[in-house]
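Enquirer: Build me a model:
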Amino acid sequence: MKKQKNKKQKTSTLNEVKDNEIWESNKMSRLNEFVLSESKKQSPERKLRNELLAIKFQIEDYIEKDKIDSEMRILDFVKLYLKLLKLSQKQLASIFEMKDTNLYKYLIGERKLNQDLVFKLSSFSQTPPELWYHVQTKNELHELRKGKGQLKKYDKYHYKNFVVAK
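Expert: Numbers count the residues shown, from 1 in each chain. A predicted model of the protein is given here:
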């Protein structure tokens, strides 16, 4: 069985095609020129939608990563939206009908997100509400894992402690 796996690995390695074998520099520069020329044809509204989607994808990528290189707070993602839309945090607080200081405490994680704020963020950014909860939960778990000793106290709940071996 090991021989089959090794054989498959060698075959996939041999058949693997490198980017530079497909995209020689001349082809790559022509492709870049084409992409730039087509993007210039887009309406401002379409460009904005693309930028908003790019931020959404950054949030999704952050959530999906197993390892966090640098923690991104909800504030960091909201700032990307604010920069793109040329709004200040104070203006966002006004839009959300709340005090700037109160909003800031939620965005930095000092306070847990509530349903009302999640739906406001979701509507504002045109993203699913779950994304915002996922960022918050990911960061909370990351904080717990940083202090590895804190997780040891949960070892006593391992199922093996309660199952009798037959």
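
Enquirer: Can you tell me the number of residues neighbouring Ser37?
Expert: 9 (other Cβ atoms under 10 Å). (Glycine included, C-beta is placed from N, CA and C.)

Enquirer: pLDDT wise, what is it at?
Expert: pLDDT recorded at Ser37 is 86.

Enquirer: Then the one 5 residues further on?
Expert: Among the per-residue scores, Gln42 holds a pLDDT of 86.

Enquirer: and Arg73, what is it in contact with?
Expert: Applying Cβ atoms under 8 Å, 6 or more residues apart in numbering, we find Arg73 in contact with 107-109, 135, 139.

Enquirer: do that again at 10 Å, thanks
Expert: Shown in contact with Arg73 (Cβ atoms under 10 Å, 6 or more residues apart in numbering): 79, 107-109, 135-136, 139.

Enquirer: How about Leu87?
Expert: 78, 81, 94-95, 124.

Enquirer: 6 Å - rerun?
Expert: Leu87 makes contact with no residue, according to Cβ atoms under 6 Å, 6 or more residues apart in numbering.

Enquirer: any idea how far Glu64 is from it?
Expert: 28 Å (Cβ to Cβ, to the nearest Å).

Enquirer: repeat for Ser122
Expert: Following Cβ to Cβ, the distance that separates Ser122 from Glu64 is 19 Å.

Enquirer: So the two - more neighbours on which side?
Expert: Ser122 (16 against 9).

Enquirer: per-residue confidence for the closest residue to the more buried one other than its chain neighbours?
Expert: Nearest non-adjacent residue to Ser122, counting by Cβ to Cβ, 6 or more residues apart in numbering: Pro129, 4.2 Å away. pLDDT for Pro129: 97.
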